[in-house]
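*Asks:* I would like to see how this sequence folds:
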Amino acid sequence: MLLHDSDLNNVSVQLSDFFTFPPWEIPQFSFLNPFSGFDKSSTAPVTFQQLFHHHRYRYSSFVPVFTDGSKSDGHVGCGVVSPSDTLNYRLHNCCSVFTAELVAIFCALREISPSNERNFILYTDSMSALETLSHYDNRIHSVALEILSVLQFLRNKGFNIIFCWVPSHVGISGNETADVIARFASDFLPRALSYCVIKKSLVSHLLSVWQQKWNLLTHNKLYSVKPSIGLWPALLMRELDVKLTRLCIGHTRFTHRHLFLGQRTPRCPTCQVDFTVNHILIECPSFK
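*Replies:* Just a heads-up that it's a prediction; the model follows:
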């Protein structure tokens, strides 16, 4: 039922070969950043456009290919823009924008494969995707592993492929186009999903269901203390953390000792009500 409600009922899990690269053939990945040293928040878009124009002049012999991923409410997509063609695909809603960025790069490499050209430069505005590809280990994202495998295959066939980071939404036309077509992608790309993507989506759905059920229990004495099911902020010292937690949930020796001793509940002499942590700390005027 949970799988059905979270739209994961018919999703297949992607198989990954963690031994794709033997230790003596660990992939080497690097990328260009012609915009380093320029803060996006304080730099005018025209400056980035001029820097990109200068960069393209230096790499004019390389065919430019732009990739981008997009995620909004109920829609995940990726887009690829090259001088000869554009393509975009819609992905499963549980995919993150990071996964969409990686899938866009993978689709770009797959599109490059049959080309007669040999020099290509791939542009992406996802620094996290480039950083992931730069640091290979056995816990790497499964799509990143696919990218490195295809990249090695293409390089062995004589392709010279460079990767470059570009800032988003500064008027670089190829990047802007890739962003638009990713946001409006309609053709679904049938892909198996990695375990980490499925797990993250399912956990998010479970927490949402749990929160909805918890919101109905407004008469529960703990609901007013903790209306959100997120984690408590923890203190560094466990002794203080235990004391704070007991105060939050209202369980202390002073207010609950009578239950073990068979005595009456202690009452506030000023207000004539049973003592509670909430009354002592907040309600009672005598304690200020």
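*Asks:* so Ser149, which of the three states?
*Replies:* Judged by DSSP: H, G, I helix; E, B strand; the rest coil, the three-state class of Ser149 is helix.
*Asks:* so it is in contact with Glu25, correct?
*Replies:* No. Judged on CB atoms under 8 Å, Ser149 makes no contact with Glu25 at a distance of 10.9 Å. The way it works is simple: take the backbone N, C-alpha and C, and place the C-beta from them, glycine included.
*Asks:* quick one: which of those two has more around it?
*Replies:* Neighbour count, other CB atoms under 10 Å: between Ser149 and Glu25, Ser149 has more, with 16 against 9.
*Asks:* now do the more buried one against Gln14, distance only.
*Replies:* Going from Ser149 to Gln14 by CB to CB, to the nearest Å gives 13 Å.
*Asks:* repeat that for Cys196.
*Replies:* Distance of Cys196 to Gln14, computed by CB to CB: 10 Å.
*Asks:* quick one, which of the two is more surrounded?
*Replies:* Per other CB under 10 Å, whichever of Cys196 and Gln14 has more neighbours is Gln14, with 17 against 14.
*Asks:* overlap in contacts of Cys196 and Gln14?
*Replies:* When contacts are counted by CB atoms under 8 Å, 6 or more residues apart in numbering, Cys196 and Gln14 have Ser142 as shared neighbours.
*Asks:* which residues of the stretch 51-200 of the chain fall in helices?
*Replies:* Remark: helices assigned in the stretch 51-200 of the chain by DSSP state H, counting those that start in this stretch are 97-112, 127-134, 142-156, 173-183, 195-215.
*Asks:* buried stuff in stretch 20-38?
*Replies:* 21, 27, 29, 31-32, 34-35 (16 or more other CB atoms under 10 Å).
*Asks:* which residue, other than its chain neighbours, is closest to His92?
*Replies:* Distances taken as CB to CB, 6 or more residues apart in numbering put Leu193 closest to His92, at 6.1 Å, once the chain neighbours are dropped.
*Asks:* the one you found contacts Ser96, doesn't it?
*Replies:* No. Taking CB under 8 Å as the definition, Leu193 is not a contact partner of Ser96, at 10.9 Å.
*Asks:* comparing the two, which residue is more hemmed in?
*Replies:* Leu193 (21 against 17).
*Asks:* got a list of what the more buried one touches?
*Replies:* Listed by CB under 8 Å, 6+ apart, the contact partners of Leu193 are 11-14, 92, 94-95.
*Asks:* likewise for Ser113?
*Replies:* Ser113 neighbours (CB under 8 Å, 6+ apart): 150, 154.
*Asks:* next one, pLDDT for Leu154 please.
*Replies:* You'll see Leu154 listed with a pLDDT of 95.
*Asks:* just give me the neighbour total for the nearest residue to Phe31 once chain neighbours are set aside.
*Replies:* Excluding its sequence neighbours, the residue lying closest to Phe31 (CB to CB, 6+ apart) is Phe163, at 4.0 Å. As a burial measure, Phe163 scores 22 neighbours (other CB under 10 Å).
*Asks:* Phe120 is in contact with Phe163, correct?
*Replies:* No. Taking CB under 8 Å as the definition, Phe163 is not a contact partner of Phe120, at 9.7 Å.
*Asks:* in stretch 184-195, what counts as buried?
*Replies:* Residues 185, 189, 191, 193-194 are the ones in stretch 184-195 that count as buried (16+ other CB under 10 Å).
*Asks:* determine which two of those residues are furthest apart.
*Replies:* Ala185 and Ser194 (19.9 Å; CB to CB).
*Asks:* need phi/psi at Ala44.
*Replies:* When quoted as degrees, to the nearest 10, the phi and psi of Ala44 stand at phi -70, psi 140.
*Asks:* so where do the strands sit in this protein?
*Replies:* Along the chain, counting by DSSP state E, strands occupy 63-72, 75-81, 86-91, 119-124, 160-165.
*Asks:* between those strands, which gets nearest to Ile282?
*Replies:* strand 63-72 (42.3 Å).
*Asks:* can you pull the buried residues of that closest one?
*Replies:* By 16+ other CB under 10 Å, the buried positions in strand 63-72 come out as 63-71.
*Asks:* paired strands for that strand, with orientation please.
*Replies:* Sheet pairing for strand 63-72, assigned by DSSP bridges, gives strand 75-81 (antiparallel), strand 119-124 (parallel).
*Asks:* mean pLDDT, distance to Asp241 and mean neighbour count for those strands - can I get that in CSV?
*Replies:* Conversion of those to CSV gives the following (pLDDT from 0 to 100; distance: least, CB to CB, whole Å; neighbours: other CB atoms under 10 Å):
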stretch, mean pLDDT, distance to Asp241, mean neighbour count
strand 75-81, 96, 39, 25
strand 119-124, 97, 43, 22
